[in-house]
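Visitor: need a 3D model of the sequence below.
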Amino acid sequence: MVKDVENGGAPGGNGLSKSYMLAVEDTDFLLRDEMRAFRFGLEFAKAELTLRDWGIRSTIIVFGSARIPSPEQVEAAQAAAQAPEELERVQWMRGQLRYYDTAREFARIASERGGAFAPRNRWRDNVIATGGGPGIMEAANRGAADVRAPSIGFNITLPHEQHPNPYSTPELTLRFHYFAMRKMHLAMRANALAIFPGGYGTLDELFEVLTLQQTGKAPRIPIVLFGKSYWQRIINFDALAEEGAISPEDLKLFEYADTAEEGWESLVRRGITAMPPG
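Guide: The predicted model follows:
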């Protein structure tokens with residue numbers, strides 16, 4: 001007979017062990033390695049049902065660096081700068097600010113013209129969605145908030161906690177443990193991608209979506225890379241085609257833009273339907 005430790009060693013009795021708890025209440029059980037598949041499913045379902053309840057059918061995903069400063073950060077750095085290296089960093093920040101401003105303006109335009117405002121037959125289309133953090137993500141959520149449109153923040157739990165920015169719609173600000181599930185939700189209802197300058201995370205998201213489209217595993221959607229000089233400096237796409245690593249046709253999977261209006265026009269020209277509110 002198995003000893004009942006919870007009851008002082010006596011089998012039976014009135015004390016209850018954790019085995020008697022409902023499965024949904026037993027966090028030790030839910031967090032076992034063997035339950036990972038179920039946790040994966042829960043992360044999928046919570047985000048899916050939240051977005052469905054809000055009637056969100058499609059999104060425009062905005063990617064970019066979390067390190068791009070906001071106007072407020074630039075002004076604070078300027079006020080505090082004294083040493084030459086601090087003043088030099090402020091100048092760098094001012095140079096990066098144009099990307100924040102463009103992302104904010106683009107999200108405003110997309111929210112006003114893309115169908116995020118008014119549900120049609122209960123569904124909202126082309127809702128701005130980001131990774132939910134600072135930098136370009138904040139700028140895009142802020143642009144939607146500027147015109148009182150809903151926007152999504154797909155946040156992620158990191159060793160150094162990434163807090164959600166204050167501009168994504170609170171009821172649409174989600175947090176994931178699994179990068180793979182977050183990536184899936186970012187991609188699965190995307191009508192378009194707007195990619196701003198960024199680092200490893202941005203490149204990861206960009207090349208994942210390009211690969212899905214190149215291989216036919218996902219439908220073709222318009223992709224626009226903001227900051228032509230940046231992208232052409234860090235990635236030689238033409239060289240990939242010249243070396244036979246990709247097809248020349250693969251270079252048509254994306255276009256460049258330098259302004260918010262150019263970016264929106266690129267998306268509309270290649271399939272996004274402009275749907276003004278009303």
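Visitor: just checking, what packs against the helix or strand where residue 264 lies?
Guide: Here residue 264 sits within helix 260-269, counting by DSSP states H and E. Other helices and strands packing on helix 260-269, by 3 or more CB pairs under 8 Å, 6 or more residues apart in numbering; DSSP states H and E, are helix 84-114, strand 190-195, strand 223-226, strand 255-257. Using the backbone N, CA and C atoms, a C-beta is placed for each residue, glycine as well.
Visitor: what average pLDDT does that helix get?
Guide: Summarised as a single mean, pLDDT over helix 260-269 is 97.
Visitor: that helix: which residues count as buried?
Guide: 260, 262, 263, 264, 265, 266, 267 (16 or more other CB atoms under 10 Å).
Visitor: identify, from those residues, the entry nearest to residue 53.
Guide: For those, the closest approach to residue 53 (CB to CB) belongs to residue 267, at 26.7 Å.
Visitor: quick one: secondary structure of the residue lying closest to residue 218 once chain neighbours are set aside?
Guide: Here the nearest residue to residue 218 in space, its sequence neighbours aside, is residue 212; by CB to CB, 6 or more residues apart in numbering that works out to 3.8 Å. Assigned with DSSP: H, G, I helix; E, B strand; the rest coil, residue 212 falls in the helix class.
Visitor: how about residue 128?
Guide: strand.
Visitor: after the strand or helix carrying residue 233, which helix or strand is next? Please name it.
Guide: Per DSSP H and E, residue 233 falls inside helix 228-234. Downstream of helix 228-234, the next assigned helix or strand under DSSP H and E is helix 237-242.
Visitor: still on that earlier bit, out of the helices and strands packed on helix 260-269, which is closest to residue 50?
Guide: Across those, residue 50 has its closest neighbour in strand 190-195 (16.7 Å, CB to CB).
Visitor: one step back: export the helices and strands packed on helix 260-269 to JSON lines and append columns for mean neighbour count.
Guide: Shown next, in JSON lines, are the helices and strands packed on helix 260-269 (neighbours: other CB atoms under 10 Å):
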{"stretch": "helix 84-114", "mean neighbour count": "19"}
{"stretch": "strand 190-195", "mean neighbour count": "24"}
{"stretch": "strand 223-226", "mean neighbour count": "24"}
{"stretch": "strand 255-257", "mean neighbour count": "18"}
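Visitor: out of these, which gets nearest to residue 173?
Guide: helix 84-114 (15.4 Å).
Visitor: remind me which residues of the stretch 1-150 of the chain are low pLDDT?
Guide: 1-15 (pLDDT under 70).
Visitor: show me where it has strands.
Guide: Ranges of strands within the stretch 1-150 of the chain are 59-63, 127-130, based on DSSP state E, counting those that start in this stretch.
Visitor: list the pairing partners of the last one within its sheet, with orientation.
Guide: Looking back up the chat, that one is strand 127-130. Strand 127-130 pairs in its sheet with strand 59-63 (parallel), strand 151-156 (parallel), by DSSP bridges.
Visitor: how much space between residue 227 and residue 92?
Guide: Computed as CB to CB, to the nearest Å, the residue 227 to residue 92 distance reads 15 Å.
Visitor: make that residue 223, sorry
Guide: If you measure residue 223 against residue 92 using CB to CB, the figure is 27 Å.
Visitor: let's have the strands of the stretch 1-150 of the chain in JSON lines, adding distance to residue 152 and mean neighbour count.
Guide: Formatted as JSON lines, the strands of the stretch 1-150 of the chain follow (distance: least, CB to CB, whole Å; neighbours: other CB atoms under 10 Å):
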{"stretch": "strand 59-63", "distance to residue 152": "7", "mean neighbour count": "28"}
{"stretch": "strand 127-130", "distance to residue 152": "4", "mean neighbour count": "31"}
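Visitor: quick one: which of those is nearest residue 114?
Guide: Of those, nearest to residue 114 by CB to CB is strand 59-63, at 6.5 Å.
Visitor: surely residue 103 meets residue 196?
Guide: Yes: counting by CB atoms under 8 Å, residue 103 touches residue 196, with 5.5 Å between them.
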